[in-house]
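S.K.: Here is a sequence together with a model predicted from it:
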There are 2 protein chains.
Amino acid sequence: MCLPSGLQSIDAKAMKKRITLSDVAAAAGVSKMTASRALRGTGDVSRSSMEKVGRAAKEIGYVGNHLAMSLASRRSDLIGVVVPSFLNVVFAEVLSGIAESLDGSGMQPVFGVTDYDPDREYEIIRNMLSWNPAGLIITGLDQPDETLQLLENADVPVVQIMDLDGTPVDACVGLSHHAAGASMAEALIAKGRRRFGYVGCGLDRDTRARKRFTGFKEALSAHGLALKTTWTGPGPSTVKAGREFTAQVLETHPELDCIYYSNDDLAVGGAFHCIAAGINVPEALVIAGFNGLDLVESLPVRIATSRTPRREIGNAAARIILGSDRDDPATGGTRTEFRPEIETGL
Amino acid sequence: MCLPSGLQSIDAKAMKKRITLSDVAAAAGVSKMTASRALRGTGDVSRSSMEKVGRAAKEIGYVGNHLAMSLASRRSDLIGVVVPSFLNVVFAEVLSGIAESLDGSGMQPVFGVTDYDPDREYEIIRNMLSWNPAGLIITGLDQPDETLQLLENADVPVVQIMDLDGTPVDACVGLSHHAAGASMAEALIAKGRRRFGYVGCGLDRDTRARKRFTGFKEALSAHGLALKTTWTGPGPSTVKAGREFTAQVLETHPELDCIYYSNDDLAVGGAFHCIAAGINVPEALVIAGFNGLDLVESLPVRIATSRTPRREIGNAAARIILGSDRDDPATGGTRTEFRPEIETGL
DNA sequence: CTGAAAGCGCTAACAC
DNA sequence: GTGTTAGCGCTTTCAG
């Protein structure tokens, strides 16, 4: 540990006296207020003061204290972002999009992971609110009442992302999963598929996957069709699970000409099984997922998927927060819809 | 927007009077201090006060203000975590591990993404320090001097993760990438491979990948061998890039019996190319990556990889921060080493 | 354009 | 056990 090349190295232990605004002001020969204004570029400050303060701050290594700043101004530059999981690349891309759009705005995203647990989500949001965030971006529209109340009582702009099937607290940006499931069914039927199976994981917790599932089934019904088999399990949607479950499903239902999965991870696993088992994809069996992961387009076989604009959703959400007036948290209830692009691979 | 089922609905606009500790104290009929102590479970408070305060807080919907709390106590329950990217599953798993170990500790992780940019990293760390975090977890040991200085001057426990090849600011947990590269080379040579090629992406920014590369080459040298070809490009390591580059490399170097990639994403792309091109993996050509992604074990062909304990690294890092005494930020310079497990698939 | 006073909401020290 | 007195480091008034 080396000491900051500094003056007051009196006591090796208590040495870490925080450098405060007063220190900067003193060093620059102005008052705290002028220093504060100069540092923030707020109000009118003479050029000479600006420069003196700027130089002084740099020299003594002033870092500032966001805690004090936010407490005094009753507003922070934090934006809370709540997602169910980091492990899902989809959310990683959304976060990336948010970070991208926030870059340069002075706002800092703070992420929270719920692990698909509503109670955890409640706690995380509650905790975030206690930091006076400038805005909140949360996943989905299916929060329990308790959480919704928390959000409504806090006067913070809230953007709900990913989903559109439901009533948002304020603004929302995403896509209709119900419609996405239905569109995929339509597309596959149009390509001549008739004997459908379904494989899904974690539907109990993933409400959006459930909506796609419902939309898919309803579209089949509308064409007088029905799923020949439905395999749903708990646990996360992984490639491994997809591969295993596909093997099982095909053993009992070799007649299928298409399997719809709750997402691309499972679908990729299905593709792997087919490659290993010598099943001709997509001619003999269409593997259909959801998300349009980058991985999918490099696969040795072509599978069907709905390409979702994750990054764009993140961008849009961040921009809504940035655009919302600080004094009037209403985001105008913006509703931004994205339509997934369907690829059948056929 | 529905009003909080409450009293002071005087002015629709200014209605959002923050509920403070004073309100709780008043409602419970005790002083602010007693309320504070009761809420935190600190010091001795009579059972009756505890209950009264708890009930009052719940009733009026008290949320607390971490800003004020942290400012007053000069300590926050935030733990800053800085990683280069979310898009890489590896970091997603590390974050997951951190969140897991922090769960229930009252600490909240705050994530920052550098996108492999040292300047951004500096800014993010600087920003995080201004929130008085309880600790900092940052990726790698290769920060520029400016950043190191920032870290050393701040009296906050710092844990550097993923890497071990270098000098940590304080504690570190991870693995030696140099050794990992060398071990992979040894293992492949032991399996009889002799004609090696290398494919890597983003080596200019990813110092750890570079260390593996160096370790790999040195081990080859030690056996009197050398790479037949080296393909390095800018841009991110994606499956797509892996597939394309593998095709190119094999076109000019069909004699290779093994390709080492900078990570599993590229290697998976390589595997896809081979499957599509009908190349027998691993007999004719060994595809060797790094990380041991879950995806790899479900692949239709077996590829070589070094399985890294991402979640465990996250767990360990979080525990070091939790264990470090708040008044004495020294983490004891703990050095926690994990050894990747090598799989050749042969 | 600049400064002085008065807090933001909470907790550390001390009293009692 | 409980209350009181001072701040934490900054910004918001509101005077100059």
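M.R.: Right, received. Where do you want to start?

S.K.: hang on, A:Val30 packs against A:Ser49?
M.R.: Yes - the criterion here is CB atoms under 8 Å, and A:Val30 meets it with A:Ser49 at 5.7 Å. From N, CA and C alone the C-beta is placed, and that goes for glycine too.

S.K.: hey, what's in contact with both of the two?
M.R.: Common contact partners of A:Val30 and A:Ser49 (CB atoms under 8 Å, 6 or more residues apart in numbering or on different chains): A:Ala38.

S.K.: Compare neighbour counts for the two and give me the winner.
M.R.: Neighbour totals were compared for A:Val30 and A:Ser49, and A:Val30 leads with 21 against 18 (other CB atoms under 10 Å in any protein chain shown).

S.K.: isn't there a helix covering the more buried one?
M.R.: No - if the criterion is DSSP: H, G, I helix; E, B strand; the rest coil, then A:Val30 is coil and not within a helix.

S.K.: Next one: A:Ala241 from B:Asp294, what distance?
M.R.: As judged by CB to CB, to the nearest Å, A:Ala241 and B:Asp294 stand 10 Å apart.

S.K.: Around chain B, which positions in the stretch 101-250 of chain A sit nearby?
M.R.: With CB under 8 Å from any CB of the partner chain as the criterion, the stretch 101-250 of chain A comes near chain B at residues A:108-113, A:126-127, A:129-132, A:149, A:152-153, A:155, A:238-240, A:242-243.

S.K.: Is there a quick ChimeraX command that grabs whichever of those residues are buried?
M.R.: To isolate the buried ones among those in ChimeraX, judged by 16 or more other CB atoms under 10 Å in any protein chain shown, type:
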select /A:108,109,110,111,112,113,127,129,130,131,132,149,153,238,239,240,242,243
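
S.K.: so A:Ser306 is in which element?
M.R.: Using DSSP states H and E, the element containing A:Ser306 is strand A:305-307.

S.K.: Check what contacts that strand and list those residues.
M.R.: Contacts for strand A:305-307 (CB under 8 Å, 6+ apart): A:180, A:183-184, A:264, A:267, A:288-293, A:296, A:340-343, A:345.

S.K.: Which ones among those residues map onto helices?
M.R.: Per DSSP state H, helices hold the following members of the contacts of strand A:305-307: A:Ala180, A:Ser183, A:Met184, A:Asp264, A:Ala267, A:Val296.

S.K.: Looking at these, spot the one nearest DNA strand D.
M.R.: A:Ala180 (43.6 Å; CB to the nearest atom of the strand).

S.K.: on that earlier part again, farthest pair within the ones in helices among the contacts of strand A:305-307?
M.R.: Across those, no pair lies farther apart than A:Ser183 and A:Val296, at 17.2 Å, counting by CB to CB.

S.K.: and A:Gly289, how far is that from DNA strand C?
M.R.: According to CB to the nearest atom of the strand, to the nearest Å, A:Gly289 and DNA strand C sit 47 Å apart.

S.K.: Likewise for A:Thr229?
M.R.: To DNA strand C, A:Thr229 is 55 Å away according to CB to the nearest atom of the strand.

S.K.: quick one: low-confidence parts of the stretch 1-150 of chain A?
M.R.: Counting by pLDDT under 70, the stretch 1-150 of chain A contains low-confidence residues at A:1-16.

S.K.: Quick check: residues of it near DNA strand D?
M.R.: For the stretch 1-150 of chain A, the residues found near DNA strand D under the criterion CB under 7 Å from any atom of the strand are A:18, A:20-22, A:32-33, A:36, A:39-40, A:42, A:62, A:64-65, A:68-69, A:71-73, A:75.

S.K.: Name only those of these that count as buried.
M.R.: The neighbour-count test (16+ other CB under 10 Å) applied to these identifies A:Thr20, A:Leu21, A:Ser36, A:Leu39, A:Tyr62, A:Gly64, A:Asn65, A:Ala68, A:Met69, A:Leu71 as buried.

S.K.: Tell me which two in those residues are the farthest apart.
M.R.: A:Tyr62 and A:Leu71, at 18.2 Å, using CB to CB across these.

S.K.: Quick check: the gap between A:Val90 and A:Arg126.
M.R.: Here A:Val90 is placed at a distance of 25 Å from A:Arg126 (CB to CB).

S.K.: make that A:Arg339, sorry
M.R.: Using CB to CB, one gets 34 Å for the distance from A:Arg339 to A:Arg126.

S.K.: same question, A:Thr232
M.R.: Counting by CB to CB - A:Thr232 and A:Arg126 are separated by 32 Å.

S.K.: ok, longest helix in chain A?
M.R.: Scanning chain A for the helix with the most residues, using DSSP H, yields helix A:207-222.

S.K.: closest point of the stretch 151-300 of chain A to DNA strand D, which residue?
M.R.: Counting by CB to the nearest atom of the strand, the stretch 151-300 of chain A gets nearest DNA strand D through A:Asp155, at 16.1 Å.

S.K.: Can you classify that residue by secondary structure?
M.R.: For A:Asp155, the assignment made with three-state DSSP gives coil.

S.K.: try the one 4 residues further on
M.R.: Here A:Val159 takes the strand state, with states given by three-state DSSP.

S.K.: surely A:Gly197 meets A:Trp231?
M.R.: Yes - A:Gly197 lies in contact with A:Trp231 (CB under 8 Å); the separation is 7.4 Å.

S.K.: between those two, which one's more packed in?
M.R.: Between A:Gly197 and A:Trp231, counted using other CB under 10 Å, A:Gly197 has the larger neighbour count: 23 against 19.

S.K.: show me what contacts the more buried one?
M.R.: A:Leu227, A:Lys228, A:Thr229, A:Thr230, A:Trp231, A:Val249, A:His253, A:Leu256, A:Cys258, A:Ile259, A:Tyr260.

S.K.: Not counting sequence-adjacent ones, nearest residue to the fifth one?
M.R.: To tie it back to what came earlier, the one meant is A:Trp231. Distances taken as CB to CB, 6 or more residues apart in numbering or on different chains put A:Val199 closest to A:Trp231, at 4.7 Å, once the chain neighbours are dropped.

S.K.: Let me see the contact set for the one you found.
M.R.: The contact partners of A:Val199, by CB under 8 Å, 6+ apart, come to A:Trp231, A:Thr232, A:Gly242, A:Phe245, A:Thr246, A:Val249, A:Ile259, A:Tyr260, A:Tyr261, A:Ser262, A:Leu266, A:Gly270.

S.K.: In strands only, show me these.
M.R.: A:Trp231, A:Thr232, A:Ile259, A:Tyr260, A:Tyr261 (DSSP state E).

S.K.: Just the buried residues of those.
M.R.: Buried members of the ones in strands among the contacts of A:Val199, scored by 16+ other CB under 10 Å, are A:Trp231, A:Thr232, A:Ile259, A:Tyr260, A:Tyr261.

S.K.: Excluding covalently adjacent residues, which one is nearest to the second one?
M.R.: Counting by CB to CB, 6+ apart, the nearest residue to A:Thr232 once its immediate chain neighbours are dropped is A:Gly200, at 4.7 Å.

S.K.: What strand or helix carries the one you found?
M.R.: In the assignment (DSSP H and E), A:Gly200 maps to strand A:196-201.

S.K.: Where do the domain boundaries of chain A fall?
M.R.: Chain A is divided into the following domains under automatic domain parsing: A:5-64, A:75-175+A:311-339, A:177-307.

S.K.: Quick one: end-to-end length of the longest one, please.
M.R.: Read it as domain A:177-307. With CA to CA, to the nearest Å applied, domain A:177-307 spans 12 Å between its terminal residues.

S.K.: ok now it, how far from the chain's centre?
M.R.: 24 Å (CA atoms, centre = their mean, to the nearest Å).

S.K.: With the second one instead?
M.R.: Its chain's C-alpha centre and that of domain A:75-175+A:311-339 lie 8 Å apart, by CA atoms, centre = their mean.
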